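A.B. asks: Okay, here's the prediction I keep looking at, along with the sequence it came from:
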Amino acid sequence: MMDIEGFWRAVLRQDAEAIRRFFHENASIRWHCTNERFNVEEFIRANCEYPGEWDGEIARTERFGELLVTVTHVYSKDRELSFHVVSFLTLSGDKILALDEYWGDDGAAPEWRRNLHIGQPINFRNGFPAM
């Protein structure tokens, strides 16, 4: 079984060698929100050259056969940036064969919706929305 916590630790540490060990050599990675597709080496470069230092925590994991779904809260160590990431990992054994990710910036509701005076904050931990 794949070590999903180990995978996210490697991604957050921007540890290229550790990340590489989680992927099948012919894996395909897709970031749908920015319409980008990467091979493993391109994904590693995009991840490891991304500026800043990162931390995060897995909020939810679901497994459906060879499909593993995670929801992860990723944030900069200086707490300036915060994202929630939904990842769909298609596995072949204990290796990632395909990774489809959707990254959303955390932030306040838009002004037009705040003006409606509807909804409530979900909850907060460490100053960030938590799941």
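C.D. replies: Right, received. Where do you want to start?

A.B. asks: pLDDT value on residue 122, please?
C.D. replies: At residue 122, the model reports a pLDDT of 80.

A.B. asks: For my notes, confirm it occurs in a helix.
C.D. replies: No - judged by DSSP: H, G, I helix; E, B strand; the rest coil, residue 122 forms no part of a helix; its state is coil.

A.B. asks: What about it, how many residues nearby?
C.D. replies: Neighbourhood size, residue 122 [other Cβ atoms under 10 Å]: 8. Where you see a C-beta, it was placed from the backbone N, CA and C, and this is true even at glycine.

A.B. asks: Can you read off the pLDDT for residue 16?
C.D. replies: 98.

A.B. asks: Against which helices or strands is the helix or strand containing residue 70 packed?
C.D. replies: Remark: residue 70 resides in strand 67-76, with elements defined by DSSP states H and E. Judged by 3 or more Cβ pairs under 8 Å, 6 or more residues apart in numbering; DSSP states H and E, the packing partners of strand 67-76 are helix 4-13, strand 54-64, strand 82-92.

A.B. asks: Please convert the ones you listed to JSON lines, extending it with distance to residue 107 and mean neighbour count.
C.D. replies: Compiled in JSON lines, the helices and strands packed on strand 67-76 are given as follows (distance: least, Cβ to Cβ, whole Å; neighbours: other Cβ atoms under 10 Å):
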{"stretch": "helix 4-13", "distance to residue 107": "21", "mean neighbour count": "18"}
{"stretch": "strand 54-64", "distance to residue 107": "17", "mean neighbour count": "14"}
{"stretch": "strand 82-92", "distance to residue 107": "8", "mean neighbour count": "18"}
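
A.B. asks: what about this protein, any weak spots by pLDDT?
C.D. replies: Counting by pLDDT under 70, the ranges of the chain that qualify are 123-131.
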